[in-house]
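Asker: Sequence and predicted structure are below.
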Amino acid sequence: TIDNSAITCWPDADSDGYGDSSGGVYVESGVCDPGYVDHDSDCDDSNSTTNPAEDDPYGDGVDSDCDGSAT
């Protein structure tokens, strides 16, 4: 049978709620342990002000919103 609650949890070293795409852990319970989140969309997991929820200030040369472009 397929366990529909199983998920992959991703490490969130900077505690911003967005995980790093390396080091995912398969969790059958569907609940991530502390320090892990259920998505891997952080492009810099060492900086809590760099994640998909951030604005990307023009001209700073940093991809703050993880869209692949530093404006």
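Answerer: Received the coordinates, thanks. Numbers count the residues shown, from 1 in each chain.
Asker: All the helices of the chain, residue numbers only.
Answerer: Along the chain, no segments are classed as helices by DSSP state H.
Asker: Show me what the longest strand seen in it pairs with in its sheet, parallel or antiparallel.
Answerer: When the chain is parsed with DSSP state E, its longest strand is strand 7-11. Counting by DSSP bridges, the strands paired with strand 7-11 are strand 25-27 (antiparallel), strand 36-37 (antiparallel).
Asker: what's the most buried one of these?
Answerer: Mean neighbour count (mean count of other Cβ atoms under 10 Å) peaks for strand 36-37 among the strands paired with strand 7-11, with a mean of 18. To be clear about C-beta, it is placed using only N, CA and C from the backbone, and glycine gets the same treatment.
Asker: Poorly predicted segments of the chain, please.
Answerer: Low-confidence segments of the chain, defined by pLDDT under 70: 1-3.
Asker: Go again with 80.
Answerer: Applying pLDDT under 80 to the chain flags the ranges 1-4, 71.
Asker: Report the separation between Asp42 and Gly61.
Answerer: Distance of Asp42 to Gly61, computed by Cβ to Cβ, to the nearest Å: 19 Å.
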